[in-house]
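**Student:** Here's my sequence, what's the structure:
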Amino acid sequence: MAILKNGGNATDAVEMAIRLLEDKEITNAGYGSNLTMDGIVECDATMVDHMGRSGAVGAMSQVKNPIAAARLVLDESIKPLSLQRVPPNLLVGAGATDFAHDKGLPILPPDFLVSNNARDRWLRWKRDLQDVEDRSAMNQSPEQRVGGRLLSISPKSSRASATTQTPSLERRPSLPSHSTFIEPDQDVPTSVKALASSRADDEAGGMRSSRRAIPRSEIEDDNDSGVDDNLQWLASPPKRQKLSGRFDGLTDGQKVLPTSGPCPTTGEHDDGDAGREDDITDTVGAIAIDCFGRLAAGSSSGGIGMKHKGRCGPAALVGVGTAVIPVDPEDISHTAVATVTSGTGEHMATTTAAATAAERVYSSMRKKDGRLERCNEDEALYAMITREFMQHPGVVNSPCLGAIGILAVKKTRDGIYFYFGHNTDSFALASMHSEERKPVCTMSRSRGNGSVAQGGRVARSWMP
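**Tutor:** Take a look at the predicted model:
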């Protein structure tokens, strides 16, 4: 907010907001992110400016702030190259790391980004996966078991086992972050910075999990930038159902219960969840509007736990994790929309979640019976989640259930409007405008069992 109050542009504000979140260990972005099967951190990030131009990095390692690399890609993508070459707007893997090095970003040892909690999770998941493999081998026929033993002692397998190392850890200091938006029916505040949080099953092979409670003090400070005491809050239910599915985040204390079957179904109760505080463990995103009415958005994520090396998540894909619809020069209302999303990344890619949500909010339309019909923005967002995402053939026919959280900002000459919706158990959000002294924060909660929770907030009454 200091950047915006001093006349900075929206892109700078988004980058700084996400940098702070990446430096915080409790988020699954930057330092402390989930580890790959090889035990290293690989992050995704995207930056989109007010014109819809984007820069993104995927499966990037050894860089503390992937959003800074995405910003560099964006800046370089608008510069012409010789011989009419087209500059890239997405770089992945070693190419992204080399680009960051060439542009002056520090390249760190791989262990620098691994936190103690991330390493502990990785070790636990490795043991759980090995247990699953051992039990599967015991259930095989004698011939298959003999073949498996011969394969397990082959030179190639032995070399692979010898090279598997446990990532060493060095805890690094992290910067504070705050998160949260307003339930229309319940006057709950809402947000521009989105941290998708779910008490759902972890991503390591669709396994069920339980989560350690993170003390509220780790999420909220007692200084001026925190919760508005005059605002009514949505009470946490005494017990909430766990929504199963695949998500882009895992908590510090998750316990994986291996299973060789398909992903568990929704509606399963976890009595251990009662009384637990919220865990913020997923993709982070931010949307900002500067004094000129220019809008920018970005997102960053460490991806799913135990993912395959080189996996690119939604945070690296424009239109999937982040989207911006710029102002039409002929539009007298100067309408622009930005969205950031989090959830089941592969399903979000199938449905181009961010772009679809942005288009529905921009046009105030919802899809029904194969046609588009006029509605308000809340109805458009609800229909997008329940019909175009959850009932998409690619999601319905997937072995794992879909989960999603969407934050949208619509800017017109009449004002700035925040909307959010999610079918996860909780969704952490925060918002602030130049006339406020501190952010408005909340943890939005659904009623569980896949129900959709929604909210919104009007931030200003006038825009240039």
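**Student:** Any stretches of the stretch 251-400 of the chain with poor pLDDT?
**Tutor:** Applying pLDDT under 70 to the stretch 251-400 of the chain picks out residues 251-281.
**Student:** how does it look with 50?
**Tutor:** Judged by pLDDT under 50, the stretch 251-400 of the chain has its weakly predicted residues at 251-276.
**Student:** any idea where the helices of the stretch 1-150 of the chain begin and end?
**Tutor:** 2-5, 10-22, 66-77, 93-102, 116-138, 142-152 (DSSP state H, counting those that start in this stretch).
**Student:** next one: the stretch 351-464 of the chain
**Tutor:** Counting by DSSP H, counting those that start in this stretch, the helices of the stretch 351-464 of the chain are 353-363, 377-383, 393-396.
**Student:** and those, which is most packed in?
**Tutor:** helix 353-363 (a mean of 24; mean count of other C-beta atoms under 10 Å). Quick note: C-beta positions are derived from backbone N, CA and C, even for glycine.
**Student:** From the contact counts, what lies against it?
**Tutor:** Helix 353-363 sits against strand 322-325, strand 336-343, helix 377-383, strand 404-412, with contacts defined as 3 or more C-beta pairs under 8 Å, 6 or more residues apart in numbering; DSSP states H and E.
**Student:** which of the ones you listed sits most buried?
**Tutor:** Buried most deeply of the helices and strands packed on helix 353-363, by mean count of other C-beta under 10 Å, is strand 336-343, with a mean of 32.
**Student:** Parallel or antiparallel, list what pairs with that strand.
**Tutor:** Pairing partners of strand 336-343, with direction, according to DSSP bridges: strand 322-325 (antiparallel), strand 404-412 (antiparallel).
**Student:** Throw those strands into a markdown table and include distance to residue 136, thanks.
**Tutor:** Below are these laid out as a markdown table (distance: least, C-beta to C-beta, whole Å):
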| stretch | distance to residue 136 |
| --- | --- |
| strand 322-325 | 39 |
| strand 404-412 | 32 |
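**Student:** Of those strands, which is nearest residue 110?
**Tutor:** Closest to residue 110 of the strands paired with strand 336-343, according to C-beta to C-beta: strand 322-325, at 26.3 Å.
**Student:** thinking residue 356 is in contact with residue 388, fair?
**Tutor:** Yes - shown here, residue 356 and residue 388 form a contact pair, counting by C-beta atoms under 8 Å, at 5.9 Å.
**Student:** before we move on, back to that, looking at the strands paired with strand 336-343, which is closest to residue 296?
**Tutor:** strand 322-325 (7.1 Å).
**Student:** in stretch 430-442, what counts as buried?
**Tutor:** 430, 431, 432, 433, 439, 440, 441, 442 (16 or more other C-beta atoms under 10 Å).
**Student:** Next step: the residues you listed restricted to strands.
**Tutor:** Among the buried residues of stretch 430-442, the residues falling in strands (DSSP state E) are 430, 431, 440, 441, 442.
**Student:** and those residues, which two are the farthest apart?
**Tutor:** That would be 431 and 442, which, of these, are the farthest apart (C-beta to C-beta) at 9.2 Å.
**Student:** Can you say which of the strands paired with strand 336-343 is nearest to residue 374?
**Tutor:** That would be strand 404-412 among those, by C-beta to C-beta, at 15.5 Å.
**Student:** got the angle between the closest one and helix 353-363?
**Tutor:** Taking axes from the mean of the first three to the mean of the last three C-alpha atoms, to 10 degrees, one finds that strand 404-412 is oriented at 40 degrees with respect to helix 353-363.
**Student:** Figure out which of the helices of the stretch 1-150 of the chain is closest to residue 424.
**Tutor:** helix 10-22 (17.9 Å).
**Student:** helices and strands around the closest one, which ones?
**Tutor:** helix 2-5, strand 43-48, helix 66-77, strand 193-197, strand 284-289, strand 295-301.
**Student:** Against residue 389, how distant is residue 352?
**Tutor:** According to C-beta to C-beta, to the nearest Å, residue 352 stands 10 Å off from residue 389.
**Student:** So for the two, which sits in the more crowded spot?
**Tutor:** residue 389 (26 against 18; other C-beta atoms under 10 Å).
**Student:** Tell me who's in contact with the residue lying closest to the more buried one once chain neighbours are set aside.
**Tutor:** Using C-beta to C-beta, 6 or more residues apart in numbering and skipping residues adjacent in sequence, the residue nearest residue 389 is residue 351, 5.2 Å away. Counting by C-beta atoms under 8 Å, 6 or more residues apart in numbering, residue 351 touches 388, 389, 392, 394, 395.
**Student:** just to revisit the earlier point, got CSV for the helices of the stretch 351-464 of the chain, with distance to residue 369 too?
**Tutor:** Putting the helices of the stretch 351-464 of the chain into CSV (distance: least, C-beta to C-beta, whole Å) gives the following:
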stretch, distance to residue 369
helix 353-363, 16
helix 377-383, 11
helix 393-396, 16
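**Student:** These: which one's closest to residue 30?
**Tutor:** Using C-beta to C-beta, the helices of the stretch 351-464 of the chain put helix 353-363 closest to residue 30, at 20.6 Å.
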